[in-house]
Structures are given as C-alpha cells and as structure tokens.
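Undergrad: I would like to see how this sequence folds:
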Amino acid sequence: MSEAAHLVQYIVVPYRTAGNGVAPGEIRPASSEFGAIRIANSMASKFAGVAAYEVLIDKETGDMESPRILAQIGTVPALDD
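TA: Numbers count the residues shown, from 1 in each chain. Predicted coordinates:
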C-alpha cells in the first residue's frame, strides 16, 4: 500500500437506535483529528452514539480503508460489525 495512492480523511458517523442495535446516519467530514472529535462531542446528545474516525481513502477507487477510532460516545458498533 503506497501512501501516495491514499488520502487521510477525518469523518464523524452518528448512530441511531434501530431494530436490535444501531444504524449509521449520514457521515460528516472534518478537517482535522481535533475537528472530528469536537464535532462528535457536539452531536453526542442527539444520537444513540457517535464515532470519529481517521480513514485512508484510496485515490483510485474512493474506497475507505484502515479506519482508526479517534473518539466514540454512546452506543457504537465494533469496527468489524
């Protein structure tokens, strides 16, 4: 995996209560790690859970890879779910 072929992006994912667990809502981009954590904290009271992630974006395919949790608040599924 070449670093030149990937971009680092910060995203925040809110989770709503659904069925037997939680379902992801609309992904919000952030400009930095600090910004992602700040957005997650500000959204936490409105959702069952919120997570801020750092992900690598494949420049060729647009696929998200190698997620790293920066912050999680409330009910958030494990990364392998």
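
Undergrad: Helices of the protein, start to end?
TA: 33-43 (DSSP state H).

Undergrad: Do you have the strands of it handy? List them.
TA: For the chain, the strands defined by DSSP state E cover 6-18, 21-24, 28-30, 49-58, 64-74.

Undergrad: Give the closest residue to A44 in space, chain neighbours not counted.
TA: I73 (4.3 Å; Cβ to Cβ, 6 or more residues apart in numbering). The C-beta positions use only the backbone N, C-alpha and C, and glycine is treated the same way.

Undergrad: do E65 as well
TA: Using Cβ to Cβ, 6+ apart, the closest residue to E65 is L56 (4.7 Å).

Undergrad: Does the one you found touch V8 like I think?
TA: Yes. Look at L56 against V8 with Cβ atoms under 8 Å: they come within range, at 6.3 Å.

Undergrad: hang on, the earlier thing: what about the residue nearest to E65, distance to T17?
TA: As for L56, its distance to T17 is 30 Å (criterion: Cβ to Cβ, to the nearest Å).
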